[in-house]
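Trainee: Here is the input, now give the coordinates:
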Amino acid sequence: MKTEQLVRTFVEYFEERGHQRIVGSTLLPPPGDSVLFTTSGMHPLTPYLEGRPHPLGRRLVNVQRCLRTTDLDEIGDATHLTVFEMLGTWSLGDYEGPRSLDWGYGLLTEGLGIDRRLLHATVYAGDGRSERDTASLQLWQDRGVPVELTVDDNWWSNGPVGPCGPDSEIFLWNGDGPPRSTPTQDDRWVEVWNHVMMRHRRLGDGSLVPLPQRNVDTGLGLERLASLLQGKSSVFEGDLFEPWRRLVPPLWRLEESSRRLVCDHLRSAVVVLGDGVRPAHTGRGYVLRRLVRRVLTVLWREDPSYGLDDLPDELIRHTLDHFRQDMPPAGVRRLLLDEERRFRLLMERGRQVLARPRFRGRLTEEDFRYLHDTHGLPRDLITSLSQG
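Mentor: Below you'll find the model as predicted:
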């Protein structure tokens, strides 16, 4: 099943169950939100989750692009992306968690044809904050899906304060042979869908108070599920990355994990640029700058002659088209090359700094901090330059 077909199947399934499709926002969160980028589908809907009536009703469905900087160190594995799309559904004070889980089970097994024996669920076990989620546990037991009870892994919160509640996560087996063990014990269980029973608000002192309405907020990772349905072992082997798999290897000779990082970060940088962010020393612009410089660090560590001028227009255009962004590919290229030029100048200064007697021996943590804070040199490039 191609990714676009998966999106249609998902949206139509929930439209048939009374959900209205809403237009996903850009990566930029609404005014007043404390996060730099939209990290989940619920961010644009926070006022409605807290009780404001939504103009389209109490059942919603959408596709939302997200960016998570917390996963940057995971990029290169089989499941994580910096920019990704989340398929989401919401009940704004309408139905409860068991109905959401029942529909989710129906979509996966009937709508998408997944064998229920390849599914595993996790459910909130309960602790001093809130009681065990017995309704979700009973639903999965009635469907014959194995369940693992956890505490911290099944409590969702939007930061230290704000909406929160227990969740039930659905995992799909991605290993050879029959499923074994549990999601917390075997990473061949891949999380694909999270159903949050958003009932509480956490206050600054850590206490919980009820929200004005009992909501359900679900998020299904599009690229992750699509690659699994396509029989692929990683998100980078799914159809969305086909142009990258075809065009990047001939350009730059890289190990697989480095190639994944380069593809992910360049693709993410294009999306961030397409949403109007520009490189800067702080805020969103710094996140963009960090993505581009991580790419260049990897490329130059392999071969100093590598550069972004080799990046095919087809990859830029493919990414902008997929995310429905109207920025000209030439504009994206110009900004990427300008950032590369700035970073090359920084590296030249870095070589001069590292040539000082102070840095000729083994570098200390204090040296690394000084080089980063004073000269903006990333640790991995410092190591590469000092070894070279």
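Trainee: Could you list the residues in contact with the worst-scoring helix or strand of the chain on mean pLDDT?
Mentor: In the chain, the helix or strand scored least confidently by mean pLDDT, DSSP states H and E is helix 379-387, which has a mean of 74. Contact with helix 379-387 is made by 297, 300-301, 347, 350-351, 354, 359, 363, 368, 371-372, as judged by Cβ atoms under 8 Å, 6 or more residues apart in numbering. (Glycine included, C-beta is placed from N, CA and C.)
Trainee: and residue 336, that's in a strand?
Mentor: No - per DSSP: H, G, I helix; E, B strand; the rest coil, residue 336 lies outside any strand segment and is helix.
Trainee: Pull the contacting residues for the residue lying closest to it once chain neighbours are set aside.
Mentor: Closest residue to residue 336 apart from its sequence neighbours, by Cβ to Cβ, 6 or more residues apart in numbering: residue 308 at 4.9 Å. Going by Cβ under 8 Å, 6+ apart, residue 308 touches 266, 292, 295-296, 333, 336-337, 340.
Trainee: I'd like the residues you listed as TSV, with secondary structure and pLDDT appended.
Mentor: Formatted as TSV, these follow (DSSP: H, G, I helix; E, B strand; the rest coil; pLDDT from 0 to 100):
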residue	secondary structure	pLDDT
266	helix	98
292	helix	96
295	helix	95
296	helix	94
333	helix	97
336	helix	98
337	helix	98
340	helix	97
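Trainee: Can you lay out those as CSV showing distance to residue 121 and neighbour count?
Mentor: Listed next are these as CSV, based on distance: Cβ to Cβ, whole Å; neighbours: other Cβ atoms under 10 Å:
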residue, distance to residue 121, neighbour count
266, 36, 22
292, 39, 24
295, 37, 27
296, 42, 22
333, 45, 17
336, 42, 23
337, 48, 14
340, 46, 19
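Trainee: who are the neighbours of the helix or strand that residue 288 is a member of, in terms of helices and strands?
Mentor: Using DSSP states H and E, residue 288 falls within helix 283-302. For helix 283-302, the contact count by 3 or more Cβ pairs under 8 Å, 6 or more residues apart in numbering; DSSP states H and E identifies helix 256-274, helix 329-354, helix 379-387 as packing neighbours.
Trainee: what residues does that helix touch?
Mentor: Under Cβ under 8 Å, 6+ apart, the answer for helix 283-302 is 28, 36-37, 67, 69, 72, 82, 252-254, 258, 261-262, 265-266, 268-269, 272-273, 277-281, 306-308, 336, 339-340, 343, 347, 378, 380-381, 384.
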